[in-house]
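**Q** Next input, structure requested:
(one chain, ligands or ions: 1)
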Amino acid sequence: MPELPEVETTRRGIAPHLIGHRVLDVIVRQRRLRWPIPDALRRDLPGQRIDAVERRAKYLLASTAAGTALLHLGMSGSLRVLPPDVPPGPHDHYDWRLDSGRILRFTDPRRFGSLLWQKPDRVHPLLAALGPEPLEAEFDGTYLLRRSRGRKSGVKLFLMDQKIVVGVGNIYAAEALFAAGIHPLRAAGAVSLARYERLAEEIKRILAYAITRGGTTLRDFINPDGVPGYFEQELFVYGRAGEPCKVCGTKIRAIVQGQRSTFYCPRCQR
Ligand SMILES: [Zn+2]
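**A** Residues are numbered from 1 along each chain as shown. Here you go, the predicted model:
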């Protein structure tokens, strides 16, 4: 599943081809994605110039004067900018025909992706309740401390709650907790400010690193567990149950927490 670094890599790849260009036409071959592509988008987007391509959590936001398109990759989706004469395949669900002569094409075998429309000066309900971006300055140890007081749930589940912070998926949560030396089951409300400061720094470092490495490997190097190939060699705990910790040699443990696998070193993480 594309995680925040892959979505950000996609944004950086497509933005130069979209910004300043008009969408001449939206060709929909399969309207039934995770949610149906709204009629308002098909009516209002054609003719509009794209002013910005931003990212919020795992949504890409293409803004125009008439509204903003929200593009989500779902489990298996990808976006490519192509010459206009590339014939569509069975999983190519929509194209945007651009005034540059190219097309933006969305491909998604599992159809969990989406294309939605947000009117000007409105916030789409899917974006309204989201927590801060992990790479923004407002996300720091003080913020984590404030949001965590009184919470008895494990700190890993707390980190993966999109209302607390967006885009820290299972892999990145496990790796950041290891780097910060924090046990994933420790109650979120019992983690000190100093440890949350370290954790926020590690989350930023790991995500920023994954973004810098994501550029060339996006589509081709996802292994069967969903771990991007560029990242696999760098993992300390994720997917390494029973293997020795790279720091202390203790066997990495795997448990199930919130129906997801959690990996940790029982010696390095307290
Ligand atoms: Zn260890």
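**Q** where's Arg22 relative to the ion, distance?
**A** Relative to the ion, Arg22 is positioned 55 Å away (CB to the ion, to the nearest Å). Quick note: C-beta positions are derived from backbone N, CA and C, even for glycine.
**Q** Now for that residue: which residues touch it?
**A** 47-50, 98-99 (CB atoms under 8 Å, 6 or more residues apart in numbering).
**Q** ok, Leu207 - how many residues close by?
**A** For Leu207, the count of nearby residues is 23 (other CB atoms under 10 Å).
**Q** Can you say which of the contacts of Arg22 are buried?
**A** Buried members of the contacts of Arg22, scored by 16 or more other CB atoms under 10 Å, are 48, 50, 98.
**Q** coming back round to it: now pLDDT, distance to Val191 and secondary structure too, for the contacts of Arg22, in TSV please.
**A** Shown next, in TSV, are the contacts of Arg22 (pLDDT from 0 to 100; distance: CB to CB, whole Å; DSSP: H, G, I helix; E, B strand; the rest coil):
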residue	pLDDT	distance to Val191	secondary structure
Gly47	98	51	coil
Gln48	98	46	coil
Arg49	98	47	strand
Ile50	98	42	coil
Leu98	97	48	strand
Asp99	98	51	coil
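**Q** Looking at these, spot the one nearest Ala174.
**A** The closest of the contacts of Arg22 to Ala174 turns out to be Ile50 (CB to CB; 36.4 Å).
**Q** Check the gap between that closest one and Trp117 for me.
**A** If you measure Ile50 against Trp117 using CB to CB, to the nearest Å, the figure is 14 Å.
**Q** go on, Ser148?
**A** Counting by CB to CB, the gap from Ser148 to Trp117 is 35 Å.
**Q** In the longest helix along the chain, which residues are buried?
**A** When the chain is parsed with DSSP state H, its longest helix is helix 193-213. Across helix 193-213, burial judged by 16+ other CB under 10 Å covers 195-200, 202-204, 206-207, 210-211, 213.
**Q** Next to the ion, which bits of the stretch 1-150 of the chain? Give me the list.
**A** For the stretch 1-150 of the chain, no residue is in contact with the ion (CB under 5 Å from the ion).
**Q** ok, how many other residues are close to the closest residue to Arg260 other than its chain neighbours?
**A** In space, and not counting its chain neighbours, Arg260 is closest to Asn170: 5.3 Å by CB to CB, 6 or more residues apart in numbering. By other CB under 10 Å, the residues close to Asn170 number 21.
**Q** And for Gly101?
**A** Using other CB under 10 Å, Gly101 has 10 other residues around it.
**Q** which parts of stretch 13-31 are buried?
**A** The neighbour-count check on stretch 13-31 (16+ other CB under 10 Å) flags 14-15, 17-18, 21-23, 26, 28 as buried.
**Q** Show me which pair in those is furthest apart.
**A** Top of the distance list for these (CB to CB): Ala15 and Val28, 22.5 Å.
**Q** Show me where this structure has its helices.
**A** So, for the chain - with DSSP H - the helices run 4-18, 39-44, 125-128, 141-148, 155-159, 170-180, 193-213, 229-232.
**Q** Remind me what the longest one packs against, helices and strands.
**A** Yep, that's helix 193-213 we're talking about. helix 4-18, helix 141-148, helix 155-159, helix 170-180, helix 229-232 (3 or more CB pairs under 8 Å, 6 or more residues apart in numbering; DSSP states H and E).
**Q** Mean pLDDT lowest where, among these?
**A** Note on these: helix 229-232 shows the lowest mean pLDDT, a mean of 62.
**Q** need the contact list for the closest residue in space to Ala62 that isn't next to it in sequence.
**A** Spatial nearest neighbour of Ala62, excluding adjacent residues (CB to CB, 6+ apart): Ala69 at 4.5 Å. With contact taken as CB under 8 Å, 6+ apart, Ala69 is in contact with 41, 45, 61-62, 115-118.
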